[in-house]
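Engineer: coordinates for the following, if possible.
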Amino acid sequence: MSALTRDGAPRVLHLHSTFAAGGKELRCVQLINAFGSKLSHAIVSADPNAYGAAEHIAKGRDVIYPRNFPSLSGKPWPKRLRALAAAMKPYDLVLTYNWGAMDAVMAHTLFRDAMDLPPLIHHEDGFNEDEQDGLKPSRNWYRRIALGKASGLVVPSEVLEGIALQTWQQPIGRVKHIPNGIDTKGFVANPRPDALRGVIKHEGEKWVGSVAGLRAVKNLTALVRAVARLPEEWQLVIVGDGPERDAIRDAADAAEIAHRVHLPGFVAKPKTFLGLFDIFALSSRSEQFPLSVVEAMAAGLPVAAPAVGDIAAMVAEENAPFIVRPNDQDALSQALLTLAADADRRQTIGQANRAKARAQFDEAKMLATYRRLYASALGGGTLD
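Structural biologist: Residues are numbered from 1 along each chain as shown. Just a heads-up that it's a prediction; the model follows:
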């Protein structure tokens, strides 16, 4: 009997290395909210202190957080993998996310048939800092084996799709390329100057803005140094939390622009404040399909960023000259200088980005694709 025809909603187990409020976690929340009462959810974070994304789950959703689930981290010894597999058995669908959950994927492949485990779909959104300069051969080998009995491997970017097919040697039917999507409408065109918590946009100021976790891979100290070359009226506002806050502050002090660098922390609902930015910027060493770029495009902003992941393909053609060589601080600074000096060009690029975001990256298409994928894994029926 199909899981979708059983009494009660199908039970979905989500296995994350962290459930902090990052990109993949907030997409998971987006899907949970969209499915409503059609599914019930159990969410496990390998980091017991990282459940910040849970704050964004809509009221009324059926969600639990099992704290006695076997650890997702550790040596992949048979006893531990068997315990992980046994813990999956009560569910109807298992969803795993990134390298931090790969032992659970391996456990599923090893014991799926013997234990009659539910189907598993893995989601791969990118890589840790330790793989930003190249994939580890041992992990490539482990992924090839671990994914052997997965019902699907979801990737948001063309770059990751190529890696999945070639490096991880996954069959084409298993790999599902689903670009991230957002509600592209409703971005506030002229937010109040105090719409961003703790920072007020004063008359005459211009803002370079970024939305990013304050982590080393985001290379935000390079963005500080790039902005230092802009005229005095240009401020840098980085929205996000993370361990690199002090390093960013130190870089601002060293560049003598501490008074122009603002770190308001994580702020939900980018729709309410992105319109305060005049330019959106990233400086990451590694990205795949950053949702923040789609949000900036939907808000009608020009984007200055390195050509990592799918960023060059994401932005409108008019924005292409401002997607620069990776790890090239001077090129990023020059892109910012050119955009800062030409308000008309910023507006033209922003309008083109908004049109492309609405045409290609609206959440309706993404949600429909995930509904079909999960419903198929559950044995048919509908999640509409």
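
Engineer: state the mean pLDDT of the longest helix seen in the chain.
Structural biologist: Longest helix in the chain by number of residues, with DSSP state H as the criterion: helix 343-360. For helix 343-360, the mean pLDDT works out to 97.

Engineer: what's the answer for stretch 252-267, then?
Structural biologist: Average pLDDT, stretch 252-267: 96.

Engineer: which regions of the stretch 101-250 of the chain sit below the pLDDT cut-off?
Structural biologist: Filtered on pLDDT under 70, the stretch 101-250 of the chain yields the residue ranges 128-129, 132.

Engineer: all helices for it, in order.
Structural biologist: Ranges of helices within the stretch 101-250 of the chain are 102-115, 137-146, 158-162, 220-227, 245-254, based on DSSP state H, counting those that start in this stretch.

Engineer: coming back round to it: other SSEs contacting whatever helix or strand comes next after the longest helix of the chain?
Structural biologist: Using DSSP states H and E, the helix or strand that follows helix 343-360 in sequence is helix 363-377. Helix 363-377 sits against helix 23-35, strand 120-123, strand 152-155, with contacts defined as 3 or more CB pairs under 8 Å, 6 or more residues apart in numbering; DSSP states H and E. C-beta: built from backbone N, CA, C; applies to glycine.

Engineer: how about 10 Å then?
Structural biologist: On a contact count with 3 or more CB pairs under 10 Å, 6 or more residues apart in numbering; DSSP states H and E, helix 363-377 meets helix 23-35, strand 93-97, strand 120-123, strand 152-155, strand 175-177.

Engineer: partner strands of the fourth one, parallel or antiparallel?
Structural biologist: For strand 152-155, the paired strands and their directions (DSSP bridges) are strand 120-123 (parallel), strand 175-177 (parallel).

Engineer: redo these as a markdown table? Include distance to Glu203 and mean neighbour count.
Structural biologist: Below are the strands paired with strand 152-155 laid out as a markdown table (distance: least, CB to CB, whole Å; neighbours: other CB atoms under 10 Å):
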| stretch | distance to Glu203 | mean neighbour count |
| --- | --- | --- |
| strand 120-123 | 45 | 24 |
| strand 175-177 | 45 | 19 |
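
Engineer: now the ones you listed in CSV, with distance to Asp310?
Structural biologist: Listed next are the strands paired with strand 152-155 as CSV, based on distance: least, CB to CB, whole Å:
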stretch, distance to Asp310
strand 120-123, 16
strand 175-177, 10
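
Engineer: quick check: which of the ones you listed is nearest to Glu131?
Structural biologist: Shortest separation from Glu131 across the strands paired with strand 152-155 is recorded for strand 120-123, at 16.5 Å, computed as CB to CB.

Engineer: quick one, the longest helix of the chain and helix 363-377 angle?
Structural biologist: 30 degrees (axes from the mean of the first three to the mean of the last three CA atoms, to 10 degrees).

Engineer: of the helices of the stretch 101-250 of the chain, which stretch is the most buried?
Structural biologist: Highest mean neighbour count among the helices of the stretch 101-250 of the chain (mean count of other CB atoms under 10 Å): helix 220-227, with a mean of 24.

Engineer: now that one, how far from the chain's geometric center?
Structural biologist: Taking CA atoms, centre = their mean, to the nearest Å, the mean C-alpha location of helix 220-227 is offset from the chain mean by 22 Å.

Engineer: what packs against that helix?
Structural biologist: Using 3+ CB pairs under 10 Å, 6+ apart, helix 220-227 is in contact with strand 206-211, strand 234-239, helix 245-254, strand 261-265, strand 279-281, strand 303-306, helix 329-340.

Engineer: which strands or helices does the longest one pack on?
Structural biologist: This means helix 329-340. Judged by 3+ CB pairs under 10 Å, 6+ apart, helix 329-340 is in contact with strand 206-211, helix 220-227, strand 234-239, strand 279-281, strand 303-306, strand 323-324, helix 343-360.

Engineer: now distance to Ala101 too, for these, in CSV please.
Structural biologist: Putting those into CSV (distance: least, CB to CB, whole Å) gives the following:
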stretch, distance to Ala101
strand 206-211, 25
helix 220-227, 27
strand 234-239, 27
strand 279-281, 31
strand 303-306, 28
strand 323-324, 31
helix 343-360, 29
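
Engineer: kindly compare burial across the ones you listed and name the winner.
Structural biologist: strand 303-306 (a mean of 28).

Engineer: quickly run through the sheet partners of the helix or strand hosting Leu15, with directions.
Structural biologist: Applying DSSP H and E as the criterion places Leu15 in strand 11-16. Strand pairing for strand 11-16, determined by DSSP bridges: strand 40-45 (parallel), strand 93-97 (parallel).

Engineer: isn't Gln288 right up against His123?
Structural biologist: No: counting by CB atoms under 10 Å, Gln288 stays clear of His123, with 11.4 Å between them.

Engineer: quickly list what's touching both of these two.
Structural biologist: Residues touching both Gln288 and His123 (CB atoms under 10 Å, 6 or more residues apart in numbering): Lys24, Val155, Pro156.

Engineer: with that, I have no additional questions.
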